[in-house]
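[1] sequence and computational prediction follow.
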Amino acid sequence: MKIVNRDNLCDLQVSSDGKTWTTIQEGVDVSKMHHNNFKGFFALRPGLMAAGAGEVKFERFEYHAIQ
C-alpha cells in the first residue's frame, strides 16, 4: 500500500507486485491534520493498524517523505 499526498489530498493505492498500482480511495482531505490542530503535532505521518480477531504481521514497512 502507498499513500500519495498532493496538496493535502491523499490517494490510497495498493499493489501486489510493487509495479502496478490500483487506487482504492482518492482525494482524502487531510488539510486539517497538521501541527496547528494537534497540540504540537509536527506533520502528517502514516500509521499501520489492524482490527478484529486473529493475528497480523507487518513486514518491510518503509516511510519516504518526498519533497
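    Sure, I can see it. Keep in mind the model is a prediction, meaning the values are calculated, not measured. Numbering: from 1, shown residues only.

[2] CA atoms for contacts and neighbours, from now on please.
    Will do.

[3] pretty sure residue 30 is touching residue 11, no?
    No - with contact defined as CA atoms under 8 Å, residue 30 does not reach residue 11; the gap is 10.6 Å.

[4] more neighbours, these two?
    residue 11 (18 against 13; other CA atoms under 10 Å).

[5] which element, helix or strand, includes that one?
    Assessed by DSSP states H and E, residue 11 sits inside strand 9-14.

[6] going by neighbour count, list what's buried in that strand.
    By neighbour count on 16 or more other CA atoms under 10 Å, the buried set for strand 9-14 is 10, 11, 12, 13, 14.

[7] okay if I get the residues you listed as CSV plus pLDDT?
    What follows is the buried residues of strand 9-14, written out as CSV (pLDDT from 0 to 100):
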residue, pLDDT
10, 90
11, 93
12, 91
13, 93
14, 90
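
[8] need the contact partners of the strand holding residue 11.
    By CA atoms under 8 Å, 6 or more residues apart in numbering, the residues outside strand 9-14 that reach it are 1-5, 21-31.

[9] closest to residue 65 out of the buried residues of strand 9-14?
    Nearest to residue 65 among those is residue 10, at 13.6 Å by CA to CA.

[10] just grab the bridge partners of the closest one for me.
    With DSSP bridges as the criterion, residue 10 is bridged to residue 5, residue 28.

[11] from residue 54, how far off is it?
    In this view, residue 10 and residue 54 are 29 Å apart by CA to CA, to the nearest Å.

[12] thought residue 21 was touching residue 15?
    Yes - counting by CA under 8 Å, residue 21 does reach residue 15; the two are 4.8 Å apart.

[13] right, I'll leave it there.
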